[in-house]
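**Student:** quick one: sequence and predicted model below, then my questions.
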Amino acid sequence: MKNSKLLIIILVIMFIFLLGPFLVILLSSFSGDATMKFPPQGFSLQWYTKVFNIKMFRETFFISLKTGLAATATALILGIPVAYSTVRYQYRGKAALELFFSSPAIVPGLVVGFALLRFFIFLTNMPIMMGLYIGHTAILFPYTVRVVSASLRNFDPAIEEAAISLGSSRLMSFFSVVFPNIRSGLAAAFILAFITSFNNVPISLFLTGPGVATLPIQMLIYMEYYFDPTISALSSIIIILTILIVQTAEKLLGITKYM
Amino acid sequence: MSYVQLKNIDAGYVKGKPILREFNLSVEKGELLSLLGPSGCGKTTTLRTIAGFIMAEKGHVLINGKDYSRIPPNKRNIGLVFQNYALFPHLSVFDNIAYGLKRRKVEKSLIRKKVDSVIEMVSLEDLGNRLPAQLSGGQRQRVALARSIVIEPDLLLLDEPLSNLDAKLRDEMRAELSRLQHQLGITMIYVTHDQVEALSLSSRIIIMNEGYIEQMGTPEEIYDSPETPFVARFMGFDNSLKGTVTGIDGDALTVDVGGTPFSCKASRSKSVGIGDPVNLFFRPEDALMGSGGEANSLAAEVNFYNFQGGTTLCSVTAAGSQIQVLLPGKNVIGQESSHVLVPVDKIIVEKV
């Protein structure tokens, strides 16, 4: 009994650490005051209407959306064959490749690489949108490979062999048997990768330029000049939307087991 | 010429390290051949080589006279039944069974007819619309069977198809398999590690060990006269006694076991001479307990009894060896059981 009390206390502290900041943001977004304060003074929805009235937020939202969708789709299309080959086949250099894909934690090291890419974009005069697309595809790739690999590993290879013995080629067996059964894994990969792209700051910082920014970068810029609860309102919207998307996908597809 | 032939096959999972070496096998049309052996003996490798999932490094796979050695598995027309069923989880029972026919571009109305007829054959009527997850283990294996026989394969390969089922269902499915085999006359190769399964189903059994064939024969031959110590142990000759041959008279041998003369019959395959050290193998159910004075009896010290329902397993030490004796009934404890004895014709003699 004593043990379980201690556990509950630790759990409560954990939740305060995890959810506390979010609660502060959520409460301050309803503030009636023009400056960020906690606890907030008064109540209003003006910051929410302000979010939708600022043109830069609307524009950068669509840039983030476009970049996120395009980069996620590309990373997924490239990631499926890589995941399939690492799960099903043995080949030279596979261990090194797997190590690379199994630790998205080493991705921040890539920031250096993106500084170089930024330099490269300067040299080649590549459009900023193109640079963003390539950069985001590169950071999402390990995520899609990892999640798709996890769902492939859960899929019994004997089922594919059954399809082959019944007359399917490898490719046909992939599309007729493997693909329909890893759909929720693919959905999980898509959602995880999209959210990663949508929330990304460090890589986008290097790749955005004059006139083009992603939503999080625009939020940073906004905060440099104004310190009102608009940012809280926008953050709350993004967090709640993210939770809604993940929850719906979990209900419909059970995606979290692949994440 | 045999229907299926493997000729001088070298095959395995890692190139240069074949599990099968110079492997030869022939299967007659319409027979059910079992590959029996412990895990790692190469029986599944043999099956996968025939199916084409392992390409032999060397040698030939012939089916009905045609060389399939270089033909990919999807062009071999071989049915496969897996231990874990390997049904397509997203397809209904009907579509699972129809899969192979669709790949063969069979006309739709004919697919329906053929699928319905195998569904009836394996008694799955009314389950056509269910998904695999809504079926019991036995039903799933029936679907797997139906799926592989509906394509009218040249050969049906079964990889431990019953080992995931519980004992009662296993018996039922065994009878079902036997019936289907007789009804359809399909040539089947059946991989198993279960002797009872192999004995009850097969027309012939091959016992494998470390990539080699230890013995090949009918179930009766394999059961009654194992030719090697490995086969003897595998077929349940769990007890062994060390001895020395002291007399030969035709096929009657006298073997000295720790000072006690044992009379046994010489095995057909290998001859022994006087003075040769030999092992005497016999089954726990063939040994008896007695009070001494009978032929072929050794003084035994009882270690423990283990009541098993209809039988009692008794562990004794005799002539320095641990001997298991399986006795019928349960009231055997303490009744004139100072000796263990083995009938003459229940002993296999193998030269050490």
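**Tutor:** Yes, it's here.
**Student:** so which bits of the longest helix along chain B are buried?
**Tutor:** Residue-count comparison of every helix in chain B, with assignments taken from DSSP state H, identifies helix B:167-184 as the longest. Counting neighbours by 16 or more other CB atoms under 10 Å in any protein chain shown, one finds that the buried residues in helix B:167-184 are B:169-170, B:173-174, B:176-177, B:180-181. Where you see a C-beta, it was placed from the backbone N, CA and C, and this is true even at glycine.
**Student:** JSON lines please, covering the residues you listed and showing distance to B:Ile149 and pLDDT.
**Tutor:** As requested, the buried residues of helix B:167-184 are arranged in JSON lines below (distance: CB to CB, whole Å; pLDDT from 0 to 100):
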{"residue": "B:Leu169", "distance to B:Ile149": "19", "pLDDT": "87"}
{"residue": "B:Arg170", "distance to B:Ile149": "20", "pLDDT": "89"}
{"residue": "B:Met173", "distance to B:Ile149": "14", "pLDDT": "89"}
{"residue": "B:Arg174", "distance to B:Ile149": "16", "pLDDT": "90"}
{"residue": "B:Glu176", "distance to B:Ile149": "12", "pLDDT": "89"}
{"residue": "B:Leu177", "distance to B:Ile149": "11", "pLDDT": "90"}
{"residue": "B:Leu180", "distance to B:Ile149": "7", "pLDDT": "90"}
{"residue": "B:Gln181", "distance to B:Ile149": "10", "pLDDT": "90"}
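**Student:** save these as CSV, and put in distance to chain A too.
**Tutor:** Below are those laid out as CSV (distance: CB to the nearest CB, whole Å):
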residue, distance to chain A
B:Leu169, 20
B:Arg170, 20
B:Met173, 18
B:Arg174, 22
B:Glu176, 20
B:Leu177, 18
B:Leu180, 18
B:Gln181, 19
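**Student:** of those residues, which is the nearest to B:Ser109?
**Tutor:** Proximity of those to B:Ser109 was ranked by CB to CB; the top entry is B:Leu180 with 24.9 Å.
**Student:** would you mind confirming that the closest one makes contact with B:Ser148?
**Tutor:** No. Using CB atoms under 8 Å, B:Leu180 and B:Ser148 do not qualify as a contacting pair, with a distance of 10.9 Å.
**Student:** what parts of the stretch 51-200 of chain A come near chain B?
**Tutor:** Remark: the part of the stretch 51-200 of chain A in contact with chain B comprises A:156, A:158-159, A:161-169, A:172, A:176-177, A:180-181, using CB under 8 Å from any CB of the partner chain.
**Student:** only whichever of those residues are buried, select them in ChimeraX.
**Tutor:** Entered in ChimeraX, the line below selects the buried ones among these, by 16+ other CB under 10 Å:
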select /A:156,158,159,161,162,163,164,165,166,167,168,176,177,181
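**Student:** in helices, which of the residues of the stretch 51-200 of chain A next to chain B appear?
**Tutor:** Using DSSP H, A:158-159, A:161-165, A:172, A:180-181 are the members of those that sit in helices.
**Student:** including pLDDT, could these go into TSV?
**Tutor:** Compiled in TSV, these are given as follows (pLDDT from 0 to 100):
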residue	pLDDT
A:Ala158	94
A:Ile159	95
A:Glu161	94
A:Ala162	95
A:Ala163	96
A:Ile164	96
A:Ser165	95
A:Met172	94
A:Pro180	93
A:Asn181	92
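**Student:** now for these: which two are most distant?
**Tutor:** Distance extremes for these: the farthest pair is A:Ser165 and A:Pro180 at 18.6 Å, using CB to CB.
**Student:** circling back: tell me the helices and strands packed up against the longest helix of chain B.
**Tutor:** Under the contact definition 3 or more CB pairs under 8 Å, 6 or more residues apart in numbering or on different chains; DSSP states H and E, helix B:167-184 sits against helix B:137-149, helix B:195-201.
**Student:** is any part of the first one close to chain A?
**Tutor:** Same thing as helix B:137-149. Yes. In this structure, helix B:137-149 sits against chain A according to CB under 8 Å from any CB; the contacting residues are B:144, B:147-148.
**Student:** which of the residues you listed ranks first by neighbour count?
**Tutor:** When neighbours are counted as other CB atoms under 10 Å in any protein chain shown, the busiest of the residues of helix B:137-149 next to chain A turns out to be B:Arg147, with 31 neighbours.
**Student:** pLDDT score for that one?
**Tutor:** B:Arg147 carries a pLDDT value of 96.
**Student:** isn't it up against B:Lys102?
**Tutor:** No. Contact between B:Arg147 and B:Lys102 fails when scored by CB under 8 Å: they sit 11.6 Å apart.
**Student:** before we move on, the earlier item: tell me which of the helices and strands packed on helix B:167-184 is the most buried.
**Tutor:** Between these, helix B:137-149 has the highest mean count of neighbours, a mean of 23, where neighbours are mean count of other CB atoms under 10 Å in any protein chain shown.
**Student:** find the residue closest to B:Gly128 in space, skipping its chain neighbours.
**Tutor:** Residue nearest to B:Gly128 in three dimensions, not counting chain neighbours: B:Phe94, with 4.2 Å by CB to CB, 6 or more residues apart in numbering or on different chains.
**Student:** buried residues in the helix or strand where the one you found lies?
**Tutor:** With the criterion set as DSSP states H and E, the secondary-structure element containing B:Phe94 is helix B:93-103. Within helix B:93-103, the residues that count as buried by 16+ other CB under 10 Å are B:93-101, B:103.
**Student:** which positions within whatever helix or strand comes next after it qualify as buried?
**Tutor:** Tracing the chain C-terminally past helix B:93-103 and defining elements by DSSP H and E, one meets helix B:108-121 next. When burial is assessed from 16+ other CB under 10 Å, helix B:108-121 yields the following buried residues: B:111, B:114-115, B:118-119, B:121.
**Student:** now swap in stretch B:306-322 and tell me
**Tutor:** Within stretch B:306-322, the residues that qualify as buried are B:311-312, B:314, B:316, B:318-319, B:321, counting by 16+ other CB under 10 Å.
**Student:** what about that stretch, how long is it end to end?
**Tutor:** Distances were taken as CA to CA, to the nearest Å; on that basis the terminal residues of stretch B:306-322 are 15 Å apart.
**Student:** which residues touch that stretch?
**Tutor:** Counting by CB atoms under 8 Å, 6 or more residues apart in numbering or on different chains, the neighbours of stretch B:306-322 from elsewhere in the structure are B:239-242, B:257-258, B:260, B:284-285, B:289, B:298-305, B:323-330, B:332-333, B:337, B:339-340.
**Student:** one step back: can I get the ones in helices among the residues of the stretch 51-200 of chain A next to chain B in JSON lines with distance to A:Ile134?
**Tutor:** Compiled in JSON lines, these are given as follows (distance: CB to CB, whole Å):
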{"residue": "A:Ala158", "distance to A:Ile134": "39"}
{"residue": "A:Ile159", "distance to A:Ile134": "36"}
{"residue": "A:Glu161", "distance to A:Ile134": "38"}
{"residue": "A:Ala162", "distance to A:Ile134": "40"}
{"residue": "A:Ala163", "distance to A:Ile134": "36"}
{"residue": "A:Ile164", "distance to A:Ile134": "37"}
{"residue": "A:Ser165", "distance to A:Ile134": "42"}
{"residue": "A:Met172", "distance to A:Ile134": "32"}
{"residue": "A:Pro180", "distance to A:Ile134": "31"}
{"residue": "A:Asn181", "distance to A:Ile134": "32"}
